[in-house]
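Participant: give me a model of this one.
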Amino acid sequence: MLAVAASVSLAACGGGDRPIGEDSATMVAELTSLPAPGAQDYSAGRQDDQVRPLDQLSIAVFGVPELARTVRVGNGGFFDFPLIGAVQANGRTLAEIGYEIETRLRGTYVRDPDVTLEFGERSGQVITVGGEVARPGQFPIRQRTTLMEAITMGGGRGQFARMSEVLIFREVNGQRYIGVYDMTAIQRGNYPDPQVYAHDIIMVGDSPNRRAMADVIQYAQILTSPLILLQQTIGN
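Facilitator: This is a model prediction of the structure:
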């Protein structure tokens with residue numbers, strides 16, 4: 001099986017001694033599977049100021065108590081607010097969301113609105129599913145979930161999906177790993193359907209991430225087990 005260290009080359013795959021991309025610190029080495037994250041990977045330090053699906057937000061508009069709300073961000077990253085409708089929250093800060101609400105309320109509904117947002121409950125147990133799936137987005141996981149189940153959460157394969165080229169991006173102990181999987185091989189029972197974990201990013205098929213790793217993926221097609229890579233910052 002294959003994985004990564006900044007000085008290892010594609011020779012392990014029969015691809016010569018060229019690194020994967022001229023400026024890339026992604027290399028191939030020997031691992032049989034993606035490492036599982038530990039408790040340190042879910043520490044408080046990973047809780048940033050960006051809103052995620054299922055986060056709870058408390059919203060107040062100064063001087064307009066009837067607009068005070070506690071809302072829950074939906075799986076698709078939106079919530080509804082009175083008078084203005086759907087608000088995109090996923091990946092944005094409270095300040096950014098507050099500014100949008102103020103802008104949309106101003107003039108038409110409320111003169112010079114002053115909007116305040118605070119976090120209530122936060123949901124850190126989410127995965128991101130993107131690329132060629134029907135409904136890309138972030139999705140909560142509350143029980144053991146496999147890669148195949150994660151793709152189903154995203155609505156299944158898209159029109160141009162290449163199921164032989166599915167990537168899992170995962171950070172473990174400060175290192176970023178990438179797993180390359182062939183879903184057809186998994187369905188045939190060639191190797192197990194891997195478990196996914198909170199904070200994993202799953203990219204299906206013909207996505208920009210996949211195209212950026214074209215040199216890697218061409219070798220994955222001849223493998224009978226997953227291809228595991230490790231990304232490191234150049235100069236580290």
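Participant: how many neighbours does residue 66 have?
Facilitator: The number of residues packed near residue 66 is 7, by other Cβ atoms under 10 Å. C-betas here are computed from N, CA, C, even on glycine.
Participant: may I have the secondary structure class of it?
Facilitator: helix (DSSP: H, G, I helix; E, B strand; the rest coil).
Participant: in a helix, residue 185, correct?
Facilitator: Yes: counting by three-state DSSP, residue 185 is located in a helix.
Participant: I figured residue 157 hits residue 133, correct?
Facilitator: Yes: the criterion here is Cβ atoms under 8 Å, and residue 157 meets it with residue 133 at 6.6 Å.
Participant: quick check: neighbours shared by the two?
Facilitator: 151, 204 (Cβ atoms under 8 Å, 6 or more residues apart in numbering).
Participant: between the two, which one's more packed in?
Facilitator: Each of residue 157 and residue 133 has its neighbours counted (other Cβ under 10 Å); residue 133 has more, 24 against 19.
Participant: residue 147 versus the residue nearest to the more buried one when sequence neighbours are not counted, what's the distance?
Facilitator: Nearest non-adjacent residue to residue 133, counting by Cβ to Cβ, 6 or more residues apart in numbering: residue 154, 3.6 Å away. Residue 154 sits 11 Å away from residue 147, going by Cβ to Cβ, to the nearest Å.
Participant: so what's in contact with these two at the same time?
Facilitator: residue 202.
Participant: correct me, but the residue nearest to residue 133 touches residue 204?
Facilitator: Yes: the pair residue 154 and residue 204 passes the contact test of Cβ under 8 Å, sitting 7.3 Å apart.
Participant: those two: which is more packed in?
Facilitator: A count of neighbours by other Cβ under 10 Å puts residue 204 above the other of residue 154 and residue 204, at 30 against 23.
Participant: can you count the residues close to the nearest residue to the more buried one once chain neighbours are set aside?
Facilitator: What sits nearest to residue 204 in space, not counting adjacent residues and going by Cβ to Cβ, 6+ apart, is residue 131, at 4.0 Å. Residues lying near residue 131 (other Cβ under 10 Å) number 25.
Participant: name the residues contacting each of residue 154 and residue 204.
Facilitator: 129, 130, 133.
Participant: now the nearest residue to the second one once chain neighbours are set aside: how far from residue 202?
Facilitator: Meaning residue 130. Leaving aside its sequence neighbours, residue 130 sits nearest to residue 136 (Cβ to Cβ, 6+ apart; 4.4 Å). Distance, residue 136 to residue 202, using Cβ to Cβ: 10 Å.
Participant: wait, residue 194 touches residue 177, no?
Facilitator: No: with contact defined as Cβ under 8 Å, residue 194 and residue 177 do not form a contacting pair (11.7 Å).
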